[in-house]
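Peer 1: I'd like to go over a predicted model; first the sequence, then the structure.
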Amino acid sequence: MRTLIGAVGYRNLRDHSAAFEVIERLERLELEAEITLEDASYNPVALVQWLESLPADERFGQVVFVAAVARSGRSGGDLTAYRWDGCVPPDDVVQQAVTEAVTGIINLDNTLTIAGYFKALPALVGVVEIEPIDHAFGSEFSTPVSDAISDACALARRLATRPGDIAALPARGLELRPHAQASWS
């Protein structure tokens, strides 16, 4: 099964660049031919267009997104994996996500919202998140995030090569910002 492992984040923004380090380390390995590594942060609308432009026989059967995302209740460097439940918010929240995307805001939840709305993603979407600490400009990671990157690589690769592992992950929906959730409750 063809699998996309996509990094979502900001380059040169310390811990928020962790997904790119995961992709770069995976690029140095001898990966299975059906795995494609991609910087998926360039723009969710462009990502949708790319995914939709693929011929039917080259479409991905599953996707694994890797990102450094700050979520409440986690400590720096915590690694979390889940299966995106595929639920898309109402149209006004999708429009807000599109607006943010075209202005250059990079956000995993926006990527899932937009790609999900346009049905560009397969049924199996796994997410590997690393809890960031430092968001200053620079290329060095905080120690906890640096320590988590090897495990994130192994987890992303395992999810990409064993489809049953994505299906077995706990399902989770989007965690949109409070102003977006207020209209989606």
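Peer 2: Structure's in. What do you need? Numbering: from 1, shown residues only.
Peer 1: in the protein, which spans are strands?
Peer 2: Counting by DSSP state E, the chain has strands at residues 3-8, 35-39, 62-68, 79-84, 124-130, 171-172.
Peer 1: Which among these is found nearest to residue 160?
Peer 2: Closest of the strands of the chain to residue 160 is strand 3-8, at 4.3 Å (criterion: CB to CB). For every residue, glycine as well, the C-beta is placed using N, CA and C.
Peer 1: what residue lies at the spatial centre of the chain?
Peer 2: residue 65 (3.0 Å; CA atoms, centre = their mean).
Peer 1: thinking again about what came up before, including distance to residue 154, could the strands of the chain go into a markdown table?
Peer 2: Output for those, formatted as a markdown table (distance: least, CB to CB, whole Å):
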| stretch | distance to residue 154 |
| --- | --- |
| strand 3-8 | 12 |
| strand 35-39 | 14 |
| strand 62-68 | 12 |
| strand 79-84 | 10 |
| strand 124-130 | 10 |
| strand 171-172 | 21 |
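Peer 1: For the longest helix along the chain, give me every contacting residue.
Peer 2: Counting residues, the longest helix found in the chain (DSSP state H) is helix 143-161. The contact list for helix 143-161, computed with CB atoms under 8 Å, 6 or more residues apart in numbering, reads 3, 5, 15, 18, 21-22, 25-26, 29, 31-32, 35, 62, 64, 66, 68, 75-79, 81, 126, 128, 130-134, 141, 165-166, 169.
Peer 1: What of stretch 127-136?
Peer 2: In contact with stretch 127-136 (CB under 8 Å, 6+ apart) are residues 13-16, 18-19, 22, 64-71, 74-84, 108, 112, 141-142, 144-145, 148-149, 152, 155-156, 159, 172.
Peer 1: redo that, cut-off 6 Å
Peer 2: Here stretch 127-136 makes contact (CB atoms under 6 Å, 6 or more residues apart in numbering) with 13-16, 18, 65-70, 74, 76, 78-82, 84, 142, 145, 148, 152, 155-156.
Peer 1: go on, stretch 9-19?
Peer 2: 7-8, 20, 41, 66-68, 106, 130, 132-136, 138-139, 141-142, 145, 149.
Peer 1: Generate a ChimeraX selection restricted to the buried subset of those.
Peer 2: To isolate the buried subset of these in ChimeraX, counting by 16 or more other CB atoms under 10 Å, use the following:
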select :7,8,20,41,66,67,68,106,130,132,133,134,141,142,145,149
